[in-house]
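Q: Prediction below, plus the sequence it came from.
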Amino acid sequence: MIEAAFDVAFIARLAAREKQIQQSYRPVIGVHKWFARRPGSLFRGLLLSEFVTGRLDRTYFDGQDLSGRTILDPFMGGGTTMFESNRVGCDVIGCDVNPMAWWIVRQELQDLDRTAFRSAADAVARDVERRVRPLYRTQCLRCNQDADVKYFLWVKTASCGECGDDVDLFPGYRVAEAKRHPRSVLHCPGCRRLVEISALPARGEPVRCPDCATRFDWARGPARRNRYRCGCGAEGRYPDDVTRSGQPRHRLYGIEYHCADCRQATPGRLFKTPDDDDRDRVRRASNRLARAHDLDLPGASIPDGDETRRLHRWGYQRWRDLFSPRQQLALGLLRQRIAEVDDTASRHALATVFSDALRYQNLLCRYDTYALKCQDVFAVHGFPVAPLACENNVLGIPGIGSGGFRHFVQKYERAKAWCAAPTETRVEGGRREKIPMPGERIAARLTRSRHKLGRRDAALKLGPVEAARLRPATVDAVFTDPPYFDNLQYAELMDFCWVWLRPLIADALPARTSPDTTRTPGELTGNTHLGKGLPHFTDGLARTFGAAAAALRPGGPFAFTWHHNDPDAYLAIIVGVLDAGLHCTATLPAPGEMTASLHIQGTRSATVDTVFVCRHTPPTRSLRVGPATLARWIDSDVRDLRRAGLRVTDGDRHCLTLGHLARVTIQRLRGGWNAEAPVAQRLASAREVFERERHASGGALP
């Protein structure tokens with residue numbers, strides 16, 4: 001059983017490594033972006049600890065067959081429980097209210113003829129390239145021949161309220177660092193050209209433009225902290241002065257390109273200042289878009305929300321407004337051509353590739369001055385609107401750059417190849433070794449029945465688990481990763497892809513799936529704009545836990561991951577576990593976040609989850625917890641994580657302590673719990689005991 005067999009240090013070591021390069025350890029996640037995916041190695045460890053006899057560090061790297069067992073995930077999200085259980089032969093039942101989650105898991109589990117997929121992808125790319133490639137060409141500065149553009153670099157402009165001139169909103173003028181390029185590349189505010197500097201002065205010291213002799217502070221531009229200074233001396237604010245005429249205006253100021261003839265003889269990258277022909281291509285793209293009445297581009301408005309209101313502040317009203325005219329034209333033609341693919345499975349796979357590639361094909365993307373590539377718009381789990389934008393090559397250059405449609409085709413193909421023959425990664429002596437898993441594969445027979453399952457069947461429900469009407473005592477385990485209260489606005493973010501994807505997959509969607517949004521009234525997330533606070537979240541979580549627990553066979557595990565900085569967020573899971581009639585039998589630490597994730601850098605957020613293991617049967621011993629006991633639990637967790645090579649932060653200790661206190665609170669309240677009381681009363685009861693335990697811990701809580 002998990003409580004006795006789970007090896008924290010062993011799994012933590014695997015999970016921490018996996019999270020740093022997750023697509024290398026679990027290429028299946030390359031099917032499509034989903035947010036805050038938990039490590040597959042963690043869920044594999046939970047499965048094997050529960051159902052396989054023997055030491056986990058020995059059984060983990062063996063091919064396993066757990067056929068005959070049924071695993072349920074009531075919050076399937078990106079599908080980690082689904083594909084980890086399916087690969088070892090289990091039948092799986094997954095539920096989610098978000099249609100993007102439903103679609104992503106469907107594509108992860110469904111088998112694919114990779115030869116037919118590759119043939120269809122090549123045909124689509126060739127056809128679209130004939131129509132759009134001239135718009136992604138530029139003249140090479142070295143050989144004067146046409147070359148392919150990798151990235152177009154844009155800056156937003158504001159209109160000065162005093163003199164009326166346009167002000168380029170540069171926070172700084174560095175385009176590329178002298179790391180992966182031999183020299184620093186700067187944009188000169190005097191001559192408006194890209195220049196290369198061999199020795200860059202320190203921050204605050206001026207640099208001299210080699211072309212026009214202008215001296216300027218390369219690290220500090222006119223725009224900073226939503227304020228800008230015009231050359232006339234007047235100051236203004238953005239986005240206010242940017243959006244006077246609607247959505248933001250941009251100026252093309254730089255290009256990175258690839259010349260096949262000059263590349264080998266050129267150290268570093270190839271940059272240039274846009275010329276008249278480059279600007280003419282922008283005009284041609286706009287004119288072609290205006291005449292392309294058959295493209296049927298997304299017309300959906302951006303609804304207001306906790307994340308989307310930032311877009312409204314910048315003047316963006318429709319989802320398509322986040323894309324340049326050239327991107328709208330190329331993406332529209334690409335989507336139109338994908339819709340013509342005859343083979344249904346290949347068409348659905350290409351539609352998924354297209355949707356995922358949108359993350360790198362929009363005007364919210366930025367150019368990484370160190371890595372010299374386009375950044376994913378969702379790198380920070382939100383909609384950051386920066387003064388600078390990077391427009392990617394929509395199809396992408398084969399073997400060059402990243403973020404193009406062709407690159408995502410390759411990623412999808414790698415994902416499905418790994419599904420056909422999964423591996424695990426073992427690190428010994430600093431060397432990584434891919435270990436084949438004989439007999440394992442990710443390929444499910446999709447079925448609508450959630451009662452008559454066979455070997456490796458998958459029943460996916462678009463909707464809450466309570467609507468699935470599962471029979472009592474029919475699943476062997478529940479493993480899940482619930483939404484983290486208000487940490488992530490899944491639907492608000494996924495609508496960005498959904499409005500483009502939905503028309504391509506309409507033939508496979510359940511009836512009454514909304515064409516314009518993945519939002520549903522039943523989505524469980526804290527959302528200030530929608531008035532969804534802790535009571536709403538708690539009530540929904542409790543209903544989900546209750547329906548899932550009712551389907552669990554006697555003695556089976558109900559395990560889920562959780563972390564949050566706010567102690568109040570733990571009240572929801574306390575109520576959910578108690579309402580479901582479960583006992584918490586263990587709380588285990590496990591890495592959950594990549595330590596370098598942009599959305600948590602510079603914060604006190606934890607990267608470690610608490611894994612709550614619950615069962616209908618009570619623990620063998622009652623918990624008698626005082627300050628010394630709680631401190632001993634935390635010290636044990638920290639030792640195990642450090643044995644795995646992790647650096648445990650104060651944020652990690654904070655969340656792990658809250659997890660242990662939640663477990664204690666659940667046991668304290670178990671006896672006289674009234675699941676029929678109003679949610680406010682249940683929350684108040686949980687809060688009273690939880691706070692009492694916190695104070696009784698004698699300051700063990702950081």
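A: Sure thing, it's come through. Residues are numbered from 1 along each chain as shown.
Q: what residues are up against Y484?
A: Listed by C-beta atoms under 8 Å, 6 or more residues apart in numbering, the contact set of Y484 reads 36, 562-564, 569. No exception for glycine: its C-beta is placed from N, CA and C like everyone else's.
Q: same deal with L683?
A: Contacts for L683 (C-beta under 8 Å, 6+ apart) come out as 534-535, 538, 571-572, 575.
Q: and those, which are buried?
A: Among the contacts of L683, those classed as buried by 16 or more other C-beta atoms under 10 Å are 534, 538, 571-572, 575.
Q: Could you verify my assumption that R69 touches E50?
A: No - assessed by C-beta atoms under 8 Å, R69 is found out of contact with E50, at 9.4 Å.
Q: What about Q110, how many residues nearby?
A: 19 (other C-beta atoms under 10 Å).
Q: again, but for R279
A: R279, neighbours per other C-beta under 10 Å, totals 12.
Q: Where does it sit: helix, strand or coil?
A: Put simply, R279 is helix when judged by DSSP: H, G, I helix; E, B strand; the rest coil.
Q: Quick check: phi and psi on the spatially closest residue to it that is not a sequence neighbour?
A: Leaving aside its sequence neighbours, R279 sits nearest to L252 (C-beta to C-beta, 6 or more residues apart in numbering; 6.5 Å). Torsion angles at L252 (phi, psi; degrees, to the nearest 10) stand at phi -80, psi 120.
Q: ok, what's across the strand from L252?
A: L252 forms beta bridges with W154, as assigned by DSSP bridges.
Q: Quick check, pLDDT for it.
A: Residue-level confidence at L252 comes out at 98, pLDDT.
Q: so how far is I302 from it?
A: Distance from L252 to I302, counting by C-beta to C-beta, to the nearest Å: 25 Å.
Q: out of the two, which sits in the more crowded spot?
A: Using other C-beta under 10 Å, the more surrounded residue of L252 and I302 is I302, with 22 against 18.
Q: How about the contacts made by the more buried one?
A: With contacts taken as C-beta under 8 Å, 6+ apart, I302 has the following neighbours: 308, 311-312, 316-319, 321, 495.
Q: ok, of these, which come out buried?
A: Neighbour counting over these (16+ other C-beta under 10 Å) leaves 308, 311-312, 316, 318-319, 321, 495 as the buried ones.
Q: I'd like the residues you listed laid out as CSV, including secondary structure, distance to P422 and pLDDT.
A: Output for the buried ones among the contacts of I302, formatted as CSV (DSSP: H, G, I helix; E, B strand; the rest coil; distance: C-beta to C-beta, whole Å; pLDDT from 0 to 100):
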residue, secondary structure, distance to P422, pLDDT
T308, coil, 37, 93
L311, helix, 39, 95
H312, helix, 43, 94
Y316, coil, 41, 95
R318, strand, 41, 95
W319, helix, 36, 96
D321, helix, 41, 96
D495, helix, 32, 95
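Q: Could you export those as TSV, including distance to D343?
A: Output for those, formatted as TSV (distance: C-beta to C-beta, whole Å):
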residue	distance to D343
T308	36
L311	36
H312	40
Y316	36
R318	32
W319	28
D321	34
D495	28
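Q: Relative to T369, how far out is the residue nearest to R279?
A: To T369, L252 is 18 Å away according to C-beta to C-beta.
Q: which residue of the chain sits farthest from its center?
A: Largest separation from the mean C-alpha position in the chain: A213, at 44.7 Å (C-alpha atoms, centre = their mean).
Q: Report the contact partners of that residue.
A: G190.
Q: check which helix or strand covers it.
A: For A213, there is no helix or strand it lies in under DSSP states H and E.
Q: hmm, who's touching stretch 240-251?
A: 154-161, 166, 168-169, 228, 239, 313-317, 321, 324, 363, 389.
Q: and this protein, what are its domains?
A: If you go by automatic domain parsing, the domain ranges for the chain are 2-99+444-488+525-696, 136-328+362-401.
Q: Over the longest one, what's the mean pLDDT, rounded is fine.
A: So that's domain 2-99+444-488+525-696. Per-residue scores along domain 2-99+444-488+525-696 average to 90.
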